[in-house]
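1. A structural model of the following input is requested.
(7 chains)
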Amino acid sequence: MKFKPLSNRVLVEAVEDVEKATKSGIVLPDTANGKQYVKGTVVAIGPGKFTDSGGQLPLSVKIGDVAIFEKYSGTEITIENNKYIVVREDEILGIE
Amino acid sequence: MKFKPLSNRVLVEAVEDVEKATKSGIVLPDTANGKQYVKGTVVAIGPGKFTDSGGQLPLSVKIGDVAIFEKYSGTEITIENNKYIVVREDEILGIE
Amino acid sequence: MKFKPLSNRVLVEAVEDVEKATKSGIVLPDTANGKQYVKGTVVAIGPGKFTDSGGQLPLSVKIGDVAIFEKYSGTEITIENNKYIVVREDEILGIE
Amino acid sequence: MKFKPLSNRVLVEAVEDVEKATKSGIVLPDTANGKQYVKGTVVAIGPGKFTDSGGQLPLSVKIGDVAIFEKYSGTEITIENNKYIVVREDEILGIE
Amino acid sequence: MKFKPLSNRVLVEAVEDVEKATKSGIVLPDTANGKQYVKGTVVAIGPGKFTDSGGQLPLSVKIGDVAIFEKYSGTEITIENNKYIVVREDEILGIE
Amino acid sequence: MKFKPLSNRVLVEAVEDVEKATKSGIVLPDTANGKQYVKGTVVAIGPGKFTDSGGQLPLSVKIGDVAIFEKYSGTEITIENNKYIVVREDEILGIE
Amino acid sequence: MKFKPLSNRVLVEAVEDVEKATKSGIVLPDTANGKQYVKGTVVAIGPGKFTDSGGQLPLSVKIGDVAIFEKYSGTEITIENNKYIVVREDEILGIE
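-> Below is the predicted model:
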């Protein structure tokens, strides 16, 4: 992966679609789709956040983990025509 | 439980319904239902929050505790067709 | 009391009603009722808040104290059919 | 005084009325009455605020001081039929 | 001066009017009057702000300094029929 | 480059247009254009942010890195007729 | 310069007009004028911001530097009929 996340950020490839249109092309609101979260595989991790004293807090997640995070956290980016999401580790609820 | 909460998060299985519709199917507002909180059993706990100095504050709740937390805190997730709520420990009012 | 407050929370049994309707059933606004606070007896206290260095700040209030706190602070919970309020100690103005 | 303020709070007996109606019973807005502050005598003080390291910062005001604080700071409480105001010391502008 | 500012507050006697009405009695908006700041002479200073470790940061301004601060900072108070403004030192832009 | 960023700021030359009009001259909204981020080459970096203890946290990005940051972060400036964006390093999602 | 900025403030003399009216006297909105920043020469600097431990963080900019800062940061003041802007150093994007 040529993208290197900074700080405590993680690059995730979504396992389930972030937003899913119905067959008719209408985007369903959250309450219809029912899910408040997204599941994705971690494909790159940052070096960790700097503390005020100059140290760095290593991440708890590692490449290959399946991360679950809130639906609207993170930023979608495109790398070599694939879609990914960049999230901060503290937005990840947990891993499987 | 295959889900591992991160930081100071806790996975809870609700003992009482988060949202309860009347028989007629109408969702009652909080003031009708009267409860501002949810009760649930802790089924998984995170390793604790990192401090700035790199330490980690262990959680006070443990697996099996019945936790009481405010109604709209946390995020609902589904694991193997069961519904759970992920809450941060500091959103838990107390345990029974 | 089977409920154990977490962190710097306190379980209080209200001495005076939090919200009082008139005989006609109409809920009076604050300006009519005039009081901005609630008085209650402390029935359970938490172990104290964790500091960043991992220490814990013990509470100043103790079981049996009559606590006075702002009207809309805290969360109402029901334990064995009795109503209580869970407040953080820093929301308590003082004790009698 | 049977009321004991917590943390850095101070119990004050107002020297000047917090809100003053005209003879006609109409409450004058601030701009009419002109004052942005209240003057009161300190009748009880808290033990001071806890710091993160577990220390306690003693108050600078003492019982008997005349404190001046912003008009809408603090909470009005009634003790034995007298009205008082509970303010945090950092809301007090100065003393006379 | 019988007023003693608390913490990092400063008592200032305005050199220029905070709000100036036109002869016709109409209060001019800021954009008409053009000034975003007030100039005043420091007549009393507080002992400084407490730090978390219990120390106190002494003020940089001293009695007699002409302080310039933003127009709507501070609180107007009246002492022996004279008008003053109480501002926190960190609201003072600079001194002459 | 004669511009020297301060603190943890970075000067970036956008590789892709920040805002792109259609041929007809109509500016497309984000949802039409689809991208939430901007890609740019780092052309100058600041010395790092000061910590409270007086230290300075060096930047992780270096001149020549291709940085990806959220679409509306940073400030556009013009130097010798070229457009650049000044962003804080913590607004950069990652580098390529 | 008789004005002495406090804390981490800097006194700047604008090189380019902060707000520029068209010949017809109509003030152009930012989107018309296009610039989000102001350029100015530093004519006085403060001693630096105090830290919680009582230290002082010296400024990075010096008198004579050309500073670039966001258009609506700072406060305009008039000294001996000249207009200046007082900005905090952390609002300065960089220097030339």
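
2. ok, and the closest non-adjacent residue to the closest residue to chain D within chain A?
-> Closest residue of chain A to chain D, C-beta to the nearest C-beta: residue A:52 (13.9 Å). The C-beta positions use only the backbone N, C-alpha and C, and glycine is treated the same way. Among residues not flanking residue A:52 along the chain, residue F:51 sits closest, at 4.8 Å (C-beta to C-beta, 6 or more residues apart in numbering or on different chains).

3. likewise residue A:11?
-> residue A:44 is the one closest to residue A:11 (C-beta to C-beta, 6+ apart), at 4.0 Å.

4. before we move on, back to that, now do the contacts for the residue nearest to residue A:52.
-> A:52-54, F:57 (C-beta atoms under 8 Å, 6 or more residues apart in numbering or on different chains).

5. pull up the pairing partners for the helix or strand harbouring the residue nearest to residue A:11, direction included.
-> Using DSSP states H and E, residue A:44 sits within strand A:37-45. If you go by DSSP bridges, strand A:37-45 pairs up with strand A:9-14 (antiparallel), strand A:66-70 (antiparallel).

6. tell me the most buried of the ones you listed?
-> strand A:9-14 (a mean of 22; mean count of other C-beta atoms under 10 Å in any protein chain shown).

7. which one of the strands paired with strand A:37-45 lies closest to residue F:37?
-> Closest of those to residue F:37 is strand A:9-14, at 12.5 Å (criterion: C-beta to C-beta).

8. among the strands paired with strand A:37-45, which is nearest residue F:69?
-> strand A:9-14 (11.5 Å).

9. how far does that closest one sit from the chain's center?
-> 4 Å (C-alpha atoms, centre = their mean, to the nearest Å).

10. run through who's touching that strand.
-> By C-beta under 8 Å, 6+ apart, strand A:9-14 touches A:1, A:3, A:5, A:38-46, A:59, A:61, A:67, A:69, A:74, A:82-89, A:92, F:93-94.

11. and the pLDDT at the residue nearest to residue A:85 when sequence neighbours are not counted?
-> Take residue A:85 and drop its neighbours on the chain: the residue closest to it by C-beta to C-beta, 6+ apart is residue A:74, 4.3 Å away. For residue A:74, the pLDDT comes out at 93.

12. circling back: pLDDT of the strand holding residue A:44, averaged?
-> On average, strand A:37-45 scores 96.

13. ok, residues contacting it?
-> Outside strand A:37-45, the residues within contact range by C-beta under 8 Å, 6+ apart are A:1, A:3-5, A:9-16, A:18, A:59, A:61-71, A:84-85, A:89, A:93, A:95-96, B:75, B:77, F:94.

14. quick check: the gap between the residue nearest to residue A:11 and chain G.
-> Using C-beta to the nearest C-beta, to the nearest Å, residue A:44 is found at 30 Å from chain G.

15. kindly report the same for residue A:37.
-> Distance of residue A:37 to chain G, computed by C-beta to the nearest C-beta: 36 Å.

16. that residue: neighbour count?
-> 19 (other C-beta atoms under 10 Å in any protein chain shown).

17. so it bridges to which residues?
-> Counting by DSSP bridges, residue A:37 is bridged to residue A:70.

18. thought residue A:88 was touching residue A:48?
-> No - counting by C-beta atoms under 8 Å, residue A:88 sits too far from residue A:48 to count as a contact (11.2 Å).

19. which residues are in contact with each of these two?
-> Contact criterion C-beta under 8 Å, 6+ apart; residues shared by residue A:88 and residue A:48: A:7-8.

20. tell me which residues touch the closest residue to residue A:39 other than its chain neighbours, please.
-> With sequence-adjacent residues excluded and distances taken as C-beta to C-beta, 6+ apart, residue A:39 is closest to residue A:15, at 4.5 Å. Residues in contact with residue A:15, defined by C-beta under 8 Å, 6+ apart, are A:39-41, A:66.

21. follow-up on the earlier one: from the middle of its chain, how far away would the strand holding residue A:44 be?
-> On C-alpha atoms, centre = their mean, the centre of strand A:37-45 falls 5 Å from that of its chain.

22. circling back: how about JSON lines for the strands paired with strand A:37-45, with mean pLDDT added?
-> Listed next are the strands paired with strand A:37-45 as JSON lines, based on pLDDT from 0 to 100:
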{"stretch": "strand A:9-14", "mean pLDDT": "96"}
{"stretch": "strand A:66-70", "mean pLDDT": "96"}
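
23. residue A:78 - how many residues pack around it?
-> So residue A:78, with other C-beta under 10 Å, has 12 neighbours.

24. go on, residue A:85?
-> A count of nearby residues for residue A:85, using other C-beta under 10 Å, gives 20.

25. partners of it in the sheet?
-> With DSSP bridges as the rule, residue A:85 is bridged to residue A:12, residue A:76.

26. doesn't residue A:78 make contact with it?
-> No - checked against C-beta under 8 Å, the pair residue A:85 and residue A:78 is beyond contact range at 10.8 Å.

27. burial count for residue A:55?
-> 13.

28. these two touch, right, it and residue B:54?
-> Yes - using C-beta under 8 Å, residue A:55 is in contact with residue B:54, at 5.9 Å.

29. so what does the nearest residue to residue A:95 once chain neighbours are set aside look like in phi/psi?
-> The spatially closest residue to residue A:95, leaving aside those adjacent along the chain, is residue A:65, at 4.4 Å (C-beta to C-beta, 6+ apart). Main-chain dihedrals, residue A:65, degrees, to the nearest 10: phi -60, psi 150.

30. contacts only, for the residue nearest to residue A:85.
-> Counting by C-beta under 8 Å, 6+ apart, residue A:74 has contacts A:12, A:85-88, A:91.

31. against chain G, how distant is residue A:8?
-> If you measure residue A:8 against chain G using C-beta to the nearest C-beta, the figure is 23 Å.

32. make that residue A:64, sorry
-> Taking C-beta to the nearest C-beta, one finds residue A:64 at 40 Å from chain G.

33. which helix or which strand is home to that residue?
-> Counting by DSSP H and E, residue A:64 is part of no helix or strand.

34. if we can go back for a sec, and the residue nearest to residue A:52, what pLDDT?
-> For residue F:51, the predicted pLDDT is 80.

35. chain B contacts on chain A?
-> A:35-37, A:51-53, A:55, A:57, A:60-61, A:68, A:70, A:89-90, A:92-96 (C-beta under 8 Å from any C-beta of the partner chain).

36. buried subset of those residues, written for PyMOL?
-> Buried subset of the residues of chain A next to chain B, written as a PyMOL selection, criterion 16 or more other C-beta atoms under 10 Å in any protein chain shown:
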select buried, chain A and resi 36+37+51+57+60+61+68+70+89+92+93+94+95
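
37. so which of the residues of chain A next to chain B sit within strands?
-> Under the assignment DSSP state E, the residues of chain A next to chain B contribute A:37, A:57, A:68, A:70, A:92-95 to strands.

38. which of the residues you listed lies closest to chain E?
-> Of those, the one sitting nearest to chain E (C-beta to the nearest C-beta) turns out to be residue A:57, at 22.1 Å.

39. just give the nearest non-adjacent residue to that closest one, would you?
-> Per C-beta to C-beta, 6+ apart, closest to residue A:57 is residue A:48, 4.8 Å.

40. and what of residue A:58?
-> residue A:48 (4.7 Å).

41. would you agree that neighbour is in contact with residue A:7?
-> Yes - contact criterion C-beta under 8 Å: residue A:48 and residue A:7 qualify, at 7.2 Å.

42. can you pull the contacts of the residue in chain A that chain G sits nearest to?
-> When scored by C-beta to the nearest C-beta, chain A has residue A:52 as its residue closest to chain G, at 10.9 Å. Residues counted as contacts of residue A:52 (C-beta under 8 Å, 6+ apart) are B:52, F:51-53.

43. also residue A:66?
-> Contacts of residue A:66 (C-beta under 8 Å, 6+ apart): A:15, A:39-42, A:95-96.
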